[in-house]
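Participant: I'd like to go over a predicted model; first the sequence, then the structure.
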Amino acid sequence: REAIRILESQGALQSQVGSGRSAGTRVTALPSEGLTRLLRMHIGLSNFPLDDVTEARIALERASAMLAAQQAEESQLAQIDQALEAMENSPTVEEFNDADTAFHVAIAEAAGNRLVADLTTSIRSSLKQTILEAFHSHQAPSEVQLTLQEQHHRIHAAIREQDPQRSAELVEELSLIHIS
């Protein structure tokens, strides 16, 4: 019962008392927000080794980049464009990181797999503090920011050019920049 209450509070389940078709417990029709919150909490509380989370992130983002390069529609590409523009215009590291997350989530959404998009959102949200700490620990965070922007532009170009293999390779390279 406690698990059901937790899932209800996270928006993943909905329960109704009574009898008939509307009574009982069921998975919500659009559980993305609830699932994202639940996964973020699970990843944050489970103390997964950073290497495990990073490997999962790379796998998800490689797959997303490949699929986005193959099938993204113009409206989805426009979302990626907007996130990239926000990165360029971010006055703080925190805003840059938020725009960076928006960029990768937009790619995951353009891939057409809602679960992958939700997992990407959850993992990136759970890593936010770690990424910000890494930024702030660099001698020259603005130089790191410029390097990351250049890499994001290359990913963006590969997706626009519909080059799935190059897109995936560039996303993996970017992930390695983030953690070094």
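Facilitator: Looks like it came in fine.
Participant: Can you give me the buried ones in the strand or helix carrying M87?
Facilitator: Assessed by DSSP states H and E, M87 sits inside helix 74-88. Under the neighbour-count criterion of 16 or more other CB atoms under 10 Å, helix 74-88 has Q76, L77, Q79, I80, A83, L84, A86, M87 buried. No exception for glycine: its C-beta is placed from N, CA and C like everyone else's.
Participant: roughly how far apart are the second one and P49?
Facilitator: Relative to P49, L77 is positioned 35 Å away (criterion: CB to CB, to the nearest Å).
Participant: follow-up on the earlier one: please enumerate residues in contact with the helix holding M87?
Facilitator: Identification of contacts with helix 74-88 by CB atoms under 8 Å, 6 or more residues apart in numbering yields 68, 72, 95-96, 98-100, 102-103, 105-107, 109-110, 148-149, 152-153, 156, 159-160.
Participant: same thing but at 7 Å, please
Facilitator: By CB atoms under 7 Å, 6 or more residues apart in numbering, the residues outside helix 74-88 that reach it are 96, 99-100, 102-103, 106-107, 109-110, 149, 152, 156, 159-160.
Participant: Perfect, that will be all.
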